[in-house]
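In: turn this into a model:
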Amino acid sequence: MTEQAYTPDPPLPVPRRNADNAPYWDGAAEGRLLLQRCRKSGQVWFYPRQISPATWDAADVEWFEASGLGEVHSFSIVHRASEPGYRPLTPFVVALIDLEEGARMMTNIIGPNALGVAIGDKVRCVFEARGEGINVPQFLREER
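Out: Okay, here's the model as predicted:
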């Protein structure tokens, strides 16, 4: 399951909410990783959207709480951040995570052992506080 939020230092940019992703960010504010799936096909996806990519029907979309567990599909270690707020954090890891539920999610691998990341590493979701009631899902490597 997911863990409580921590606060990065220095503060980082706040994500933008919209009609498609509001339930996702509401869940994250509560420390829950929410995903969407198609009621008809069972397909699970990430990033949030209003229609099912399987049936192209908004009526087929439902939100559910994910386990927060996954595996590293691919990653890159960033040494030169283009956004000024991220420069003090370099080097950092950007990764594609294959979630247990079947969706693939782009995120960061964080924590003291993040730079030792390898494809296939098991990871779990934690939440990074980005301001009043705003949490961003990030991932920690599981110890082997």
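
In: give the contact list for I134.
Out: I134 is in contact with 14-15, 25, 28-29, counting by CB atoms under 8 Å, 6 or more residues apart in numbering. Using the backbone N, CA and C atoms, a C-beta is placed for each residue, glycine as well.

In: who does the helix or strand containing L35 touch, helix- and strand-wise?
Out: Assigned by DSSP states H and E, L35 falls within strand 34-38. Secondary-structure packing of strand 34-38 (3 or more CB pairs under 8 Å, 6 or more residues apart in numbering; DSSP states H and E): helix 22-29, strand 44-45, strand 61-65.

In: D121 is nearest to which of these?
Out: Ranking the helices and strands packed on strand 34-38 by proximity to D121 (CB to CB) places strand 44-45 first, at 21.0 Å.

In: what's that closest one packed up against?
Out: Under the contact criterion of 3+ CB pairs under 8 Å, 6+ apart, strand 44-45 touches strand 34-38.

In: figure out how far the strand it packs on is from the centre of its chain.
Out: 13 Å (CA atoms, centre = their mean, to the nearest Å).

In: likewise for stretch 103-118?
Out: Computed by CA atoms, centre = their mean, the chain-centroid distance of stretch 103-118 equals 10 Å.
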